[in-house]
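A.B. asks: Okay, predicted coordinates and the sequence, questions at the end:
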Amino acid sequence: MFTFYFISCLIVFSQFELNAHSYNNPQRGITTVDMPDIVKTDPKYRIDCAPDIDEYHSFCELNLSQNRTTNVTNSICTARGCVWDPNAGLNITTCYIPLEKGGYGLVGEPNVISNTTTRYTLNRQAISAANDVSLFNRDIDDLDVQVSISDVNMVRMTIRDANSQRYEVPVPIRWNPLVSSAMPPRIQFQMTKTTNDQVGFRVRRTNTQSIIFDTTFFANGFIYDDNFLQLVTTIPSRNIYGFGENTHRSFRHILKQSYRYAMFARDQWPTGVNENLYGVHPFYMVIESDGQAFGIFILNSNAQDYKFDEFDTNQAMLTYRTIGGILDIMVFAGPTPEQVIQQYQSVIGKPYMPPYWALGFQLSRYGYNSLKNMKAAMNRTLNANIPLDIMYGDIDYFYKRLDFTWNPVDFDGLPEYVDWLHENGMKFITILDPAIDSEEKNYLTFTEGQKANIWIKWPEDCNLQLNETGNRNMLGYVWPDGKTVFPDFFYPATSDWWKSEIRQYYSKLKFDGLWIDMNEPANFDTNKDAPWNWNRPELWNLHCPIDKELLENPPYKTAICGDYLSDKTLCMIGEQTNGRGQIYKQYNAHSLYGWSEALVSLAAARTTDNKRSVVISRSTFPSSGAYGGHWLGDNAADWSHLKYNIIGMLEFNLFGIPYIGADICGYFNNATEEMCQRWMQLGAFNPFFRNHNGFGYIDQDPGIFSAEAMASNRRAVELRYTLIPYLYTLFHRVHISGGTVVRSMAHVFPSDAECLSLDEQFLWGSSLLIAPVIYENHVNKSLYLPTTDRWFDYYTGEEQLTTGKVTISAPLEFMPLYLRGGAIIPHQQSAVNTVAARKKPLYLIVALDSTQYASGELFWDDGDSIDTYQRSIYNYFLFNHGPQHLTIQPWVYKYPQMSNETKLDEIRIYGRSTRPARILWNGQEVKPVIQWTYNTTTNVLTMTKLALNMSKTHRFTFL
């Protein structure tokens with residue numbers, strides 16, 4: 001049996017006093033629950049006793065060189081103590097765990113540690129028939145279950161081996177076991193048992209008694225094996241969102257004939273099936289029939305998979321499996337979707353605040369191949385009068401694809417070009433890959449890293465490359481010409497080395513941010529004869545001991561793509577260390593690599609010029625959003641990927657990474673003009689707004705197309721720039737309070753059944769509705785406007801009197817936008833980049849609700865300094881409209897430079913019921929016609945030429 005290594009998560013304990021509310025009240029008489037008839041009689045609810053055999057091909061089948069599916073036989077099944085039913089029917093498991101077997105029983109009484117924490121002891125021996133079932137013969141008999149609460153909204157169930165320490169995720173989280181004397185709990189844990197004495201874990205709401213998490217009905221499916229942990233829970237609703245990173249074909253999970261998805265970081269582009277992609281996010285949210293929402297977070301970084309299915313007539317169920325670590329489950333009560341995400345982020349960390357310029361348009365491609373071509377793409381964009389803030393360097397600008405270099409021939413003059421970008425208000429972001437060439441002569445990046453001994457290593461007792469290297473470095477092959485080593489970002493010395501390399505590179509090339517790619521970590525064609533891009537006649541590759549080591553070839557591999565866990569990455573026995581004696585196997589910590597690199601990279605980037613900077617990472621894990629953003633990977637110029645773009649944005653906002661976007665116009669394949677035009681419209685509402693494509697494909701920068709398409713692209717980007725003050729304010733709000741920037745209709749209208757499945761329209765915040773056209777040759781858009789609110793055409797201000805399901809005209813150059821009544825949205829005139837735009841006048845659009853009220857806010861700072869809110873170097877404005885007045889108030893004004901460069905010049909008010917006779921500004925007359933007009937057709941009041949000083953309070957009175 002191999003050893004799991006352990007490090008406890010950061011838990012912040014608070015002092016507390018006893019109070020009258022019973023937050024964690026273990027019942028001495030544990031409730032016995034009888035199984036519903038459907039569980040007893042319907043074979044589709046049977047617990048699979050041979051999940052490793054995958055008899056119905058539920059696993060990902062990409063990159064397989066061998067058939068992983070075999071037939072289940074009677075002998076295999078009965079040897080596991082299970083029941084074999086060869087006549088079960090299509091898609092029904094033929095080998096299953098009977099209800100009376102499996103699971104764990106409770107031993108003794110609960111141990112009440114405090115009024116926040118209770119411990120339970122479980123044992124397989126306590127179930128008379130439990131020991132008769134064993135899938136892989138490595139079951140852990142004794143379990144310790146610790147249940148704790150945090151305030152009124154969160155319950156945590158941590159299930160460990162009672163006798164030995166196992167690996168636990170070393171990502172710091174914040175869990176505060178405390179109680180509140182002011183409010184009763186919203187959710188409560190309950191231990192249950194079946195008539196066979198198998199325990200279940202149940203969490204229910206205290207107001208509606210809705211059971212939001214419950215393993216009782218499938219207690220026989222609770223397995224805690226050394227390499228296979230499984231639980232099955234019922235879900236009180238079919239409106240389920242989240243878990244990833246995967247390509248989901250809809251935002252709300254499909255339950256009928258659903259896929260099984262794996263979560264294990266992989267160098268894998270989205271194809272539209274059940275592939276496991278770049279990151280791991282074991283979090284999902286559910287909206288119940290009454291509109292209340294809750295969230296579930298399973299803190300685990302091992303390879304894991306999940307499958308949602310229908311249960312009963314209107315419920316759902318989840319089968320969750322992982323192959324290591326512990327089960328650490330957190331439940332968030334909500335009850336609104338936004339509160340669920342805020343509660344989740346209170347545990348994993350609130351989102352990073354991007355610099356203002358990072359919300360501008362960004363241009364990139366793999367395959368410029370020369371500075372001349374890079375400049376040409378930029379010039380086409382600028383010559384088309386399309387705003388542009390950021391240019392990118394992909395690996396083709398490097399010398400021999402080596403980090404911290406540039407090609408001195410094809411990119412001669414690059415430092416001077418970057419300086420020119422800065423002089424003209426633009427930025428430059430460089431790519432960095434973690435794989436470092438170990439064979440390039442005089443390559444100081446490797447030499448210095450080797451001195452510090454910072455690479456991921458083979459274990460001392462199993463080093464398949466020792467004869468080649470003479471050391472423990474694990475060699476692979478990625479983009480450079482030489483064999484590569486991989487930095488261990490857990491190791492403190494690696495942080496010092498990385499920071500030094502970044503600072504030295506910055507002294508030569510004044511980049512502004514980091515794009516960290518290939519950090520799953522990727523390794524090409526592991527275990528094959530040679531990598532696909534191998535550059536030598538003799539065969540060589542990284543081979544893992546797949547026939548000798550359990551970690552390389554566990555009995556259950558999960559639903560991952562590829563033959564082995566090490567497919568496209570490093571060997572699972574590879575080791576990392578925290579420098580304090582703690583060793584982490586890749587088997588456990590592989591999916592944390594991108595997170596660890598992002599954490600170190602942001603800190604390093606901020607040392608270059610003490611600015612906020614930006615990090616965009618391909619691989620992510622819970623809490624990655626506190627350090628940067630993510631792009632949705634190597635998508636394709638295919639119409640289906642426009643919808644994947646929307647779904648990915650919505651999911652990553654749930655995951656705590658709102659700085660998110662897709663490669664606009666697609667990475668693989670050639671985009672058509674129509675597709676790119678529509679995608680630029682959608683892309684303008686990706687928080688991370690970058691046009692990027694792959695090597696060898698036609699150029700797709702927005703200035704390359706016809707005059708009509710260029711004009712459309714320009715309007716889309718200019719529209720984005722006018723809205724950046726609003727977007728920046730949304731980011732400030734989630735940075736301080738947690739939450740989402742991009743929201744689904746279900747998120748904002750959880751009680752409206754029509755909204756629960758919508759994923760072809762979305763919102764910024766709760767008020768700006770975006771309805772992009774995402775299908776070829778479509779010139780109309782079908783959308784849904786909730787009937788409970790007023791909605792206004794964003795462009796004209798005219799009220800949409802027909803609500804509910806509507807179809808509107810959407811010609812190629814137009815994207816529908818609507819404003820919800822009750823909102824005040826800050827804008828700013830567009831310019832060639834954000835540096836120029838920030839000097840332009842601001843304007844407000846006010847959309848009134850049915851009572852003539854509206855409100856909004858604006859956050860403003862220098863856009864680039866670190867922690868301006870925490871250091872009180874910012875301005876915060878409140879906007880309020882009532883039936884007879886509009887107030888603009890600088891609630892906080894501690895960035896006085898704003899008044900020198902930025903005025904508020906225009907206000908448009910949508911939905912005024914009558915034309916005012918007079919308008920007063922701070923008691924003074926506002927001149928009609930010259931300064932204000934009212935359109936009686938659209939009911940829009942427009943005030944112009946205001947030139948308001950934002951440091952002052954302004955009150956408009958409508959008489």
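C.D. replies: Structure's in. What do you need? Numbering: from 1, shown residues only.
A.B. asks: I'd like the distance between the residue nearest in space to the middle of the chain and P351.
C.D. replies: For the chain, the residue whose C-alpha lies nearest the mean C-alpha position (CA atoms, centre = their mean) is F652; its distance is 2.8 Å. Computed as CB to CB, to the nearest Å, the F652 to P351 distance reads 10 Å. In short, each C-beta sits where N, CA and C put it, glycine included.
A.B. asks: cool, and L650?
C.D. replies: Following CB to CB, the distance that separates L650 from P351 is 15 Å.
A.B. asks: And the two? Which one has more around it.
C.D. replies: For L650 and P351, the more surrounded residue by other CB atoms under 10 Å is P351, and the numbers stand at 28 against 25.
A.B. asks: ok so that one is a strand residue?
C.D. replies: No: when classified by DSSP: H, G, I helix; E, B strand; the rest coil, P351 is found to be coil rather than part of a strand.
A.B. asks: quick one: contacts for it?
C.D. replies: With contact set as CB atoms under 8 Å, 6 or more residues apart in numbering, P351 has these partners: 345, 625-626, 656-659, 731, 734-735, 738.
A.B. asks: Going by residue numbers, what spans are helices in the stretch 651-800 of the chain?
C.D. replies: Secondary structure of the stretch 651-800 of the chain by DSSP state H, counting those that start in this stretch: the helices cover 673-683, 707-722, 724-737, 745-748.
A.B. asks: who wins for proximity to Y584 among these?
C.D. replies: Ranking the helices of the stretch 651-800 of the chain by proximity to Y584 (CB to CB) places helix 724-737 first, at 30.0 Å.
A.B. asks: I'd like the average pLDDT over that closest one.
C.D. replies: Taken as a whole, helix 724-737 has a mean pLDDT of 98.
A.B. asks: Please compute how far that helix lies from its chain's middle.
C.D. replies: The chain centre lies 17 Å from the centre of helix 724-737; the measure is CA atoms, centre = their mean, to the nearest Å.
A.B. asks: do stretch 368-380 as well
C.D. replies: A distance of 32 Å separates the centroid of the chain from that of stretch 368-380, by CA atoms, centre = their mean.
A.B. asks: got it, and stretch 412-428?
C.D. replies: Distance of stretch 412-428 from its chain centroid, counting by CA atoms, centre = their mean, is 32 Å.
A.B. asks: If you count neighbours, what's buried in it?
C.D. replies: Of the residues in stretch 412-428, those with enough neighbours to count as buried (16 or more other CB atoms under 10 Å) are 414, 417-418, 421, 425-428.
A.B. asks: Stretch 373-389 now?
C.D. replies: Neighbour-count burial for stretch 373-389, with 16+ other CB under 10 Å as criterion, is recorded at 374, 376-378, 380-382, 384, 386-389.
A.B. asks: Now, the residues you listed that are in strands?
C.D. replies: The subset of those located in strands under the criterion DSSP state E is empty.
A.B. asks: from those residues, which is closest to F243?
C.D. replies: Distances from those to F243 were compared by CB to CB; the smallest belongs to D389, at 33.5 Å.
A.B. asks: pLDDT score assigned to the closest one?
C.D. replies: 98.
A.B. asks: and the gap between it and T319?
C.D. replies: Using CB to CB, we find D389 at a distance of 45 Å from T319.
A.B. asks: can you count the residues close to T787?
C.D. replies: Considering only other CB under 10 Å, T787 is surrounded by 12 other residues.
A.B. asks: For the helix or strand where W891 lies, what is the distance to the chain centroid?
C.D. replies: With elements taken from DSSP states H and E, the one containing W891 is strand 885-893. Here the centre of strand 885-893 is set off from its chain's centre by 34 Å, with CA atoms, centre = their mean.
A.B. asks: Quick one: the helices of the stretch 651-800 of the chain as TSV, columns for mean neighbour count and distance to G666 too.
C.D. replies: As requested, the helices of the stretch 651-800 of the chain are exported to TSV (neighbours: other CB atoms under 10 Å; distance: least, CB to CB, whole Å):
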stretch	mean neighbour count	distance to G666
helix 673-683	24	7
helix 707-722	20	15
helix 724-737	21	24
helix 745-748	25	26
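A.B. asks: out of these, which comes closest to R401?
C.D. replies: Taking CB to CB, helix 673-683 is the member of the helices of the stretch 651-800 of the chain nearest to R401, at 27.7 Å.
A.B. asks: which outside residues touch the closest one?
C.D. replies: Residues outside helix 673-683 that contact it (CB under 8 Å, 6+ apart): 637, 639, 642, 645-646, 661-662, 664-666, 671, 689-691, 700, 702, 705-706, 709, 712-713, 716-717, 770, 772-774, 776-777, 812-813, 815.
A.B. asks: Just the buried subset of those residues, written out for PyMOL, thanks.
C.D. replies: The buried subset of the contacts of helix 673-683, as determined by 16+ other CB under 10 Å, is captured in PyMOL by this line:
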select buried, resi 637+639+642+645+646+661+662+664+665+666+671+689+690+691+700+702+705+709+712+713+716+717+770+772+773+774+812+815
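A.B. asks: Just the ones in strands from the contacts of helix 673-683, please.
C.D. replies: Among the contacts of helix 673-683, the residues falling in strands (DSSP E) are 661, 664, 690-691, 770.
A.B. asks: ok, back up a step: roughly how far does the residue nearest to the centre of the chain sit from V112?
C.D. replies: Computed with CB to CB, the distance linking F652 and V112 is 39 Å.
A.B. asks: Pull the number of nearby residues for L539.
C.D. replies: Close neighbours of L539, defined as other CB under 10 Å, add up to 10.
A.B. asks: Looks to me like it is in a strand.
C.D. replies: No: with the criterion set as three-state DSSP, the secondary structure at L539 is coil rather than a strand.
A.B. asks: Wait, it touches D529, no?
C.D. replies: Yes: using CB atoms under 8 Å, L539 and D529 qualify as a contacting pair, with a distance of 5.0 Å.
A.B. asks: what's the closest of the contacts of P351 to L941?
C.D. replies: In terms of CB to CB, no member of these lies closer to L941 than F731, at 29.9 Å.
A.B. asks: quick one, what contacts that closest one?
C.D. replies: Contact analysis of F731 by CB under 8 Å, 6+ apart lists 351, 353-354, 359, 658-659, 687, 741.
A.B. asks: at 10 Å instead, please
C.D. replies: For F731, the contacting residues are 351-354, 356, 358-359, 658-659, 687, 741, 859, by CB atoms under 10 Å, 6 or more residues apart in numbering.
A.B. asks: Write the ChimeraX selection for whichever of these are buried.
C.D. replies: Command for ChimeraX that selects the buried part of those, burial taken from 16+ other CB under 10 Å:
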select :351,352,353,354,356,358,359,658,659,687,741,859
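A.B. asks: Turn the contacts of F731 into TSV, including distance to G279 and pLDDT.
C.D. replies: Formatted as TSV, the entries for these read as follows, by distance: CB to CB, whole Å; pLDDT from 0 to 100:
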residue	distance to G279	pLDDT
P351	15	98
Y352	15	97
M353	21	98
P354	19	98
Y356	26	98
A358	20	98
L359	22	98
P658	15	98
Y659	14	98
P687	17	98
V741	18	98
F859	28	98
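A.B. asks: before we move on, the earlier item: now do the shared contacts for F652 and P351.
C.D. replies: Jointly contacting F652 and P351 under the rule CB under 10 Å, 6+ apart are 624-625, 629, 658-659, 740.
A.B. asks: which two in those are spaced the farthest apart?
C.D. replies: Of all pairs drawn from the shared contacts of F652 and P351, the widest gap by CB to CB lies between S624 and T740 and measures 15.6 Å.
A.B. asks: count of residues packed around A333?
C.D. replies: Each residue near A333 was counted by other CB under 10 Å, and the total is 25.
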